[in-house]
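Asks: Show me how the following folds:
(one chain, ligands or ions: 1)
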Amino acid sequence: MKYKRMPIEAESPEELGYGTIECNLAESSVSDTNFKDLKFNIKDIPLCYGDHKGLPALRELLAADYNMKPEHIILVPGAAAGLFIVSTALLNKQSQLLVERPNYATNIETPRLLECEINFIDLHFEEQYQLDLYKLSTMAKSKPTLISITTPHNPTGSALSEEELLEVIELARKHNSYLLVDETYRDLSFNTPPPLAASLSDRVISVSSVSKAYGLPGIRMGWIACKNKRLLELFLAAKEQIFICNSLLDEHVALHYLQNKSKFFTPILKHIKKNFATLEKQMSQSKNLEWVKPKGGVVCYPRIIPKINYNQFYETLYKEHKTLVGAGHWFETDKKYMRIGFGWPTNDQLKQGLANIETTINGLKK
Ligand SMILES: Cc1ncc(COP(=O)(O)O)c(C=O)c1O
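Replies: I've put the predicted structure just below:
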């Protein structure tokens with residue numbers, strides 16, 4: 001495998017240094033949770049190897065929530081690990097992948113490393129970044145090994161309805177493809193989300209984690225959900241080769257969080273709602289940015305209207321205004337697009353960051 005660092009990671013806020021940024025609009029999650037606020041007293045956790053599929057109590061809790069069985073869930077160190085496991089287990093030089101673009105970089109980069117054939121289904125601003133199901137059905141005729149989608153989507157915030165999801169699942173069934181659904185943002189859907197995709201068919205693999213919705217990326221805890229026994233065995237084999245088991249500390253913290261979810265999650269949702277209203281107001285007034293209103297998650301993918309020097313824009317925004325956004329090239333699109341994360345900053349930081357974007361563009365207009 002010829003590993004190469006991805007811009008989204010190399011240029012991430014944590015790599016640049018959080019101290020260099022005052023308005024961090026580059027995050028794709030809600031604000032980070034502090035361990036002390038969880039009021040979790042770690043006292044009696046044996047630091048042995050854990051259950052290879054993951055902590056049974058946590059798998060039971062997730063399975064009940066998803067209307068699946070605990071044996072359908074494999075806990076992994078973050079959704080990123082889940083995506084890596086699924087790609088490496090299912091794709092090789094002889095396989096074909098049909099994947100959305102733009103996308104969370106790993107969903108494209110790992111398949112690329114595996115040298116499988118990749119066909120992109122592009123999401124367009126002009127189509128509200130919605131997945132074009134007609135185009136997908138045409139492209140799926142080539143019988144891809146794996147179809148890979150994300151809902152709610154990063155970086156655009158578009159989302160599939162249950163009807164649309166069922167259509168994609170039917171396509172996968174018809175063409176004997178597996179379907180990977182990255183559902184990392186499911187709990188941040190603005191409307192009631194469809195059932196977890198993996199609960200709907202044994203051709204589907206769902207991946208999710210506690211990182212984005214609950215602000216817990218610092219415990220590396222995610223999961224793969226799938227009803228297909230053969231796939232589960234493959235995924236477990238991959239997990240055992242890389243990790244054997246998870247950090248038991250991470251598993252117990254995640255369990256504690258989910259057992260007390262409403263207490264922790266309610267204020268998060270309130271914060272997102274407030275920030276989203278701020279964002280909506282600013283976007284409706286902006287003469288420099290146009291956007292597609294997201295349907296879920298905590299990011300949107302607007303574009304700059306005037307023709308300016310985009311490299312200069314990102315540099316001035318960061319260096320002079322200490323404001324960071326997700327640049328278009330993180331997602332292999334034109335740099336006039338940028339990802340704005342509205343869930344992570346405080347309301348004041350969001351307001352200031354959005355004002356800094358306007359000031360920077362105004363300063364670069366001829
Ligand atoms: C769509 C999507 N999937 C997966 C991940 C990985 O998340 P984690 O490994 O922290 O759970 C991210 C992170 O940005 C993401 O946006």
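Asks: Tell me, how many residues neighbour residue 101?
Replies: Neighbour count for residue 101, taken as other C-beta atoms under 10 Å: 15. All C-beta atoms are positioned from the backbone trio N, CA, C, and that covers glycine.
Asks: That one: what's it in contact with?
Replies: 108, 120-123, 331-333 (C-beta atoms under 8 Å, 6 or more residues apart in numbering).
Asks: now, among those residues, which is nearest to residue 14?
Replies: Lowest distance from residue 14 to the contacts of residue 101 (C-beta to C-beta) belongs to residue 331, with 18.4 Å.
Asks: Give the PyMOL command for selecting the buried subset of the contacts of residue 101.
Replies: Selecting only the buried entries of the contacts of residue 101 in PyMOL, with 16 or more other C-beta atoms under 10 Å as the criterion:
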select buried, resi 108+121+123+331+333
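Asks: Could you list which of the contacts of residue 101 belong to strands?
Replies: 120-122 (DSSP state E).
Asks: CSV for these, including distance to the ligand?
Replies: Shown next, in CSV, are those (distance: C-beta to the nearest ligand atom, whole Å):
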residue, distance to the ligand
120, 16
121, 16
122, 17
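Asks: could you dump the contacts of residue 101 to CSV with distance to residue 8 and pLDDT?
Replies: Converted to CSV, the contacts of residue 101 look like this (distance: C-beta to C-beta, whole Å; pLDDT from 0 to 100):
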residue, distance to residue 8, pLDDT
108, 11, 96
120, 17, 98
121, 20, 97
122, 18, 97
123, 17, 98
331, 8, 95
332, 10, 93
333, 12, 95
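Asks: Show me what from the stretch 101-250 of the chain comes close to the ligand.
Replies: 104, 150, 154, 182, 184, 209, 211, 217, 222 (C-beta under 6 Å from any ligand atom).
Asks: my guess is the fifth one contacts residue 211, does it?
Replies: Going back to what we said before, that points to residue 184. Yes: contact criterion C-beta atoms under 8 Å: residue 184 and residue 211 qualify, at 7.0 Å.
Asks: out of the two, which sits in the more crowded spot?
Replies: Counted by other C-beta under 10 Å, residue 184 and residue 211 do not tie: residue 184 has more neighbours, with 29 against 22.
Asks: Apart from its neighbours in sequence, what residue is nearest the more buried one?
Replies: Once flanking residues are discounted, residue 184 sits nearest to residue 79: 4.7 Å by C-beta to C-beta, 6 or more residues apart in numbering.
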